[in-house]
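>>> Just a sequence and a predicted model for now, questions to come.
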Amino acid sequence: MADLRRLFNMKITRQTKAAAYGVFGVGLELTPAPGFYGVTKENFESITAADVSKIVKVYSLYDDVIDDGVTGAALKAANAYFNQKPTPDTLVIADISGAFSSVAILLNGDDTGIQDVKAAVAFVSGDDVLNATFDGTAWVGTGADKITADENNAELYQVDGRIVFLTGADVSVGYSDVKADSFTNVITAVKKQNNNWFMSFTTSRNPALLTQVADWTEAQTDKMAALVDDGGAIYNVGTWPTGGITQYLFDKQYAGSFATTTRIDSNYVDAAQAGRCLTMQPGSETWALKTLSGVVTDDFDETDYQTITAINGNTYEDYGSGVMVTYPGTVGDGESIEAVRFCYWLADYMQKNLATFAINQKKIPYAPSGIELVCKNMEKSLKTGQDNGGILENFTNGDEYVRGFTVTRPTMSQITAAQQIKGNLQVPFQFYLAHAIKNVEGIGTALTWGM
């Protein structure tokens, strides 16, 4: 039989490859000893390092966090995150014990379920998993020599390792010792296991850790950090705001991180803000004037408020009449949080759209027609950003028509032979950010009719 392809030959090439967009709506909780390893009192003495090698877990529901055994500060922060409306659908929790030279535990008197044992712990040290039990007098076990008693508090101990099981005691993040210059290695390990997140926040308020988080975050183009300044409640007592994370972000003029001040213990306003605002499309939101669930407002006097906002810090306060909101929504350099997030998102969106377009073409000709295709692709992405609310809408200013964005087509006479040979095309574009109205001052005049 003759082959029908002699007469009618159809060839189809699939042009369906697409570059993956970045993640700009997921929070990352950074905490030591989150307790999500599934280790129990029945097996804590027999587990191996391979059993607890995962330092990152992903949750879509708060109840799943509870069911996984997360407790203490880690659970409270997760609660603040998931408490927001609309409810976030994803939270990544990472164990950053490696950022601490030791993790503090505080005896709580709870029943361990183990006979004659007041507390028990298992932790990773090097390549080994060590364990120890406390009978009320001394620690015994393979890891006993790595547990140090506090000189001033008989209930407090420092554990030199990554805790994967704990009963009869709670992790005390505030008393844990931060290790200098350690966060970069820790967050690199986190990213290797899961990089599908955008904004980090941590259960620690220690500036020694927060400054490391801010330093690392500032070097990223697809990450931000929400941090808490304790307002001198524990750290930098008597010198605050000097030494605090808000002052640090201001002095460094950092744009990738913002700090909110609260002097209330276990008030995870950073987690709450991430949960509240990351659900919104970049460009559509403002991080100011947001009411949060699961956290409480601070009662700052005017001096404190002016001190905080003068260095581009943020507060969550009760303004009366049921108005409890965040304000002013700025990062360390004074830019609005939403503007930074939008610019990160837009750069990724434009880049990935161009990549998807290019890899599905046989060739984009280095000619006016090809340049036009590239420019139209960029304009389409910018229009999406404008539709989302991040780019100023087009408007008439007197006789002038102002466009929210423009893409400038380079002419062939402006392009060098070297650029053509290398295939390098430079396309200038600009856009106006669409900022949000955050406060209103009405200036009125009262008149008497007839006068």
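Alright, I've got the coordinates.

>>> Okay, now stretch 239-254: how far is its last residue from its first?
End-to-end span of stretch 239-254 (Cα to Cα, to the nearest Å): 22 Å.

>>> Please disregard the earlier target; I meant stretch 175-182.
17 Å.

>>> Compute the mean per-residue pLDDT across it, please.
Averaged across stretch 175-182, the pLDDT comes to 96.

>>> Can you list the buried residues in that stretch?
For stretch 175-182, a neighbour-count test (16 or more other Cβ atoms under 10 Å) marks 175-176, 178-179, 182 as buried. C-betas here are computed from N, CA, C, even on glycine.

>>> swap in stretch 282-292?
Neighbour counts over stretch 282-292 (16+ other Cβ under 10 Å) mark 282-283, 285-290, 292 as buried.

>>> domains of this structure?
Domain ranges of the chain: 27-338, 363-451, per automatic domain parsing.

>>> So which of the ones you listed is the most surrounded?
Mean neighbours per residue, mean count of other Cβ atoms under 10 Å, is largest over those for domain 27-338, with a mean of 19.

>>> is it true that residue 275 lies in a helix?
Yes: Residue 275 forms part of a helix when assessed by DSSP: H, G, I helix; E, B strand; the rest coil.

>>> thinking again about what came up before, go through the buried residues of stretch 175-182 and name the one nearest residue 122.
Nearest to residue 122 among the buried residues of stretch 175-182: residue 176, at 17.3 Å, using Cβ to Cβ.

>>> In contact with the closest one: list those residues for me.
By Cβ atoms under 8 Å, 6 or more residues apart in numbering, the contact list for residue 176 reads 32, 100, 102-104, 158, 204, 206.

>>> With pLDDT, secondary structure and distance to residue 399 added, can I get those in TSV?
TSV is the format used below for the contacts of residue 176 (pLDDT from 0 to 100; DSSP: H, G, I helix; E, B strand; the rest coil; distance: Cβ to Cβ, whole Å):
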residue	pLDDT	secondary structure	distance to residue 399
32	97	coil	62
100	98	strand	63
102	97	strand	69
103	97	strand	66
104	97	strand	67
158	98	strand	71
204	97	coil	56
206	97	coil	57
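
>>> Any chance of a markdown table for those residues, columns distance to residue 387?
Shown next, in a markdown table, are those (distance: Cβ to Cβ, whole Å):
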| residue | distance to residue 387 |
| --- | --- |
| 32 | 42 |
| 100 | 45 |
| 102 | 51 |
| 103 | 47 |
| 104 | 50 |
| 158 | 53 |
| 204 | 39 |
| 206 | 42 |
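
>>> ok, back up a step: so which of the domains of the chain comes closest to residue 1?
Closest among these, using Cβ to Cβ: domain 363-451, at 38.4 Å.

>>> Show the contacting residues for the spatially most central residue of the chain.
In the chain, the centroid-proximal residue (Cα atoms, centre = their mean) is residue 199; its distance is 1.4 Å. The neighbourhood of residue 199, defined by Cβ under 8 Å, 6+ apart, consists of 26-28, 223-226, 274, 278.

>>> Now do the end-to-end distance for stretch 178-188.
End-to-end span of stretch 178-188 (Cα to Cα): 17 Å.

>>> Which one of the contacts of residue 176 is nearest to residue 370?
Checking the contacts of residue 176 against residue 370 by Cβ to Cβ gives residue 204 as the nearest, at 51.7 Å.

>>> Would you mind measuring from the residue lying closest to that closest one once chain neighbours are set aside to residue 99?
Closest residue to residue 204 apart from its sequence neighbours, by Cβ to Cβ, 6 or more residues apart in numbering: residue 173 at 5.1 Å. Remark: distance between residue 173 and residue 99 (Cβ to Cβ, to the nearest Å) = 11 Å.

>>> so what sits against both of the two?
Counting by Cβ under 8 Å, 6+ apart, the residues touching both residue 173 and residue 99 are residue 32.

>>> the helices in the stretch 351-451 of the chain, which residues?
Using DSSP state H, counting those that start in this stretch, the helices of the stretch 351-451 of the chain run over 368-388, 417-422.
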